[in-house]
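J.: no sequence on this one, just coordinates:
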């Protein structure tokens, strides 16, 4: 198998599939949410580290946008690991944990955006047809828009800012429903 094909497949699977599923598993799984999130994100990080190593060993020009984005993504993901570990640390008080949690959330969305940029620029670098690149770019843009919206809405629901009810009488009495 061609090394560049392996490089592209690992990055695409990690960035477009594993990381988003890991985020959504944490938000929508109520039993073992942290464990499933951590396991998926660890696999994605391992894919990304292997991917970065192959890119560094085989690459020649490190001044291109794709290589810069890939290196920035790797640094962001490693610091994201530290932030995630810190939010689970029992020695961090409630207020600091809340701010670290928000930083973890915002940086996670930034990692996705940088990763998707890296995938699209990698496709351009590999010489793929423009229709395929546009398709991947549009799906990436849809994910980059949808995941923060989903994360924001679930965070609001968790803290009770949006009333969620399954009561049919409460829903039928609403004039706007």
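T.: Received the coordinates, thanks. On a predicted model such as this, the values are computed, not experimentally measured, just so you know.

J.: biggest helix in this protein, by residue count?
T.: Ordering each helix of the chain by length in residues (DSSP state H) puts helix 94-126 first.

J.: what is the distance between it and the centre of its chain?
T.: Mean-position distance between helix 94-126 and its chain equals 6 Å (Cα atoms, centre = their mean, to the nearest Å).

J.: can you check stretch 3-12 too?
T.: On Cα atoms, centre = their mean, the centre of stretch 3-12 falls 18 Å from that of its chain.

J.: and stretch 123-132, by the same measure?
T.: That offset, for stretch 123-132, works out to 23 Å (Cα atoms, centre = their mean).

J.: so what touches whichever strand or helix holds residue 85?
T.: Using DSSP states H and E, residue 85 maps to helix 65-88. With contact meaning Cβ atoms under 8 Å, 6 or more residues apart in numbering, helix 65-88 is reached by 11, 34, 38, 41, 45, 48-49, 51-52, 55, 59, 61-62, 92, 97, 100-101, 103-104, 107-108, 110-111, 114-115, 117-118, 121-122, 124-125. To be clear about C-beta, it is placed using only N, CA and C from the backbone, and glycine gets the same treatment.

J.: of those residues, buried ones?
T.: 11, 38, 41, 45, 48, 51-52, 55, 97, 100-101, 104, 107-108, 111, 114-115, 117-118, 121-122 (16 or more other Cβ atoms under 10 Å).

J.: pLDDT weak spots in the chain?
T.: Flagging of the chain using pLDDT under 70 yields the residue ranges 1, 28-30, 61-63, 90-92, 144, 147-177.

J.: where's residue 55 relative to residue 19, distance?
T.: Distance of residue 55 to residue 19, given as Cβ to Cβ, to the nearest Å: 18 Å.
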